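Participant: here is the input, now give the coordinates:
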Amino acid sequence: MVKPGAARETDMKIVVIGGTGLIGSKVVSGLKALGHEAIAASPNTGVNTITGEGLAAVLAGADAVIDVANSPSFEADAALDFFRTSGAHLLAAEQAAGVAHHVALSVVGTDRLQSSGYFRAKLAQEELIKASPVPWTILRSTQFFPFVAGIIQSGSVGDEIHLSSALVQPVAAEDVVDALIELVLAAPLNDTVEIAGPEAIRMNAFAQHYLSAQEDRRKIVAEPHGLYFGSPIDDRSLTPGPGARLGATTLSDWLRSAITAD
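Facilitator: Prediction:
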């Protein structure tokens with residue numbers, strides 16, 4: 001028997017739901033580089049978890065599934081409907097196909113930020129996974145570095161940007177991809193693990209570093225009781241707990257690569 005967390009040495013067939021997106025496409029490429037059969041599953045490849053179309057066919061013979069699909073809407077009811085419907089169809093199809101491991105990407109703070117409709121929807125997704133007979137591992141990630149642009153937009157008021165001064169600990173997408181690959185190639189944990197970047201920083205300072213690198217001179221106003229997309233947060237809301245996996249990429253590393261890419 002494979003010990004919990006121990007890597008499998010044999011090649012695997014792994015279906016990546018949301019496999020044509022930013023994270024999913026990188027996961028597919030990484031798995032293929034290691035010699036595994038990785039299938040990108042999304043509506044544009046004929047697999048639709050909302051309708052169930054294509055699920056039985058793509059899951060036939062699959063050893064594991066990684067679900068990195070996200071709701072197309074962050075509105076509370078729409079997100080809840082997406083994660084409940086998608087999750088129910090996917091997990092039922094996995095059970096029927098005999099899939100041995102379901103790995104899902106979620107968000108650090110999901111259980112703490114329940115004033116947010118999106119986070120309530122993510123928690124509903126996690127609860128479906130835990131209630132299913134399919135063995136599972138959930139990876140909760142902090143916000144990806146590029147999400148800072150959306151944070152800035154959310155706080156824009158005229159020529160100023162009003163942002164919370166709560167701590168965040170952003171992470172590189174590539175570090176999350178590496179963690180997902182490591183987890184899916186190991187035995188199911190039937191547990192939730194966290195990943196974050198190596199450094200915690202105030203949200204307003206995170207945005208300031210990004211704007212400075214872009215030579216954007218808009219003023220940032222720190223709000224001790226500022227909201228995060230409509231929800232109150234504090235230093236624990238979006239930061240990981242003890243024992244979290246930490247990515248290798250620092251904010252400075254990411255800024256250098258992001259500005260060079262621009």
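Participant: any idea of the mean pLDDT for stretch 249-262?
Facilitator: Averaging pLDDT along stretch 249-262 gives 86.
Participant: neighbouring contacts of it?
Facilitator: Residues from elsewhere that reach stretch 249-262 (CB atoms under 8 Å, 6 or more residues apart in numbering): 145-146, 170-172, 174-175, 197-199, 201, 206, 209-210, 213-214. Any C-beta I mention is one placed from the backbone N, CA and C, and that applies to glycine too.
Participant: how distant is it from the center of its chain?
Facilitator: With CA atoms, centre = their mean, to the nearest Å as the basis, stretch 249-262 stands 20 Å off its chain's centre.
Participant: pull out the buried residues from it.
Facilitator: Thr249, Leu251, Trp254, Leu255 (16 or more other CB atoms under 10 Å).
Participant: please enumerate the helices of the stretch 1-150 of the chain.
Facilitator: Counting by DSSP state H, counting those that start in this stretch, the stretch 1-150 of the chain has helices at residues 22-33, 55-59, 76-97, 117-131, 148-154.
Participant: CSV for these, including mean neighbour count?
Facilitator: Formatted as CSV, the helices of the stretch 1-150 of the chain follow (neighbours: other CB atoms under 10 Å):
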stretch, mean neighbour count
helix 22-33, 19
helix 55-59, 18
helix 76-97, 19
helix 117-131, 19
helix 148-154, 16
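Participant: just send these back as a markdown table, with mean pLDDT and distance to Asp191 too.
Facilitator: A markdown table is the format used below for the helices of the stretch 1-150 of the chain (pLDDT from 0 to 100; distance: least, CB to CB, whole Å):
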| stretch | mean pLDDT | distance to Asp191 |
| --- | --- | --- |
| helix 22-33 | 97 | 20 |
| helix 55-59 | 98 | 23 |
| helix 76-97 | 98 | 17 |
| helix 117-131 | 97 | 10 |
| helix 148-154 | 95 | 29 |
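Participant: pLDDT score assigned to Val2?
Facilitator: Value for Val2, per-residue pLDDT: 32.
Participant: and what of Leu163?
Facilitator: Listed pLDDT for Leu163 reads 97.
Participant: find me the pLDDT at Gly158, would you?
Facilitator: Listed pLDDT for Gly158 reads 90.
Participant: and for it, the neighbour number?
Facilitator: 8 (other CB atoms under 10 Å).
Participant: about what we covered before: of the contacts of stretch 249-262, which belong to helices?
Facilitator: Judged by DSSP state H, the subset of the contacts of stretch 249-262 located in helices is Glu174, Asp175, Phe206, His209, Tyr210, Ala213.
Participant: picking that back up, nearest to Gly155, of the buried residues of stretch 249-262?
Facilitator: Minimum distance to Gly155 across the buried residues of stretch 249-262 is 18.3 Å, recorded for Leu251 (CB to CB).
Participant: much appreciated, bye for now.
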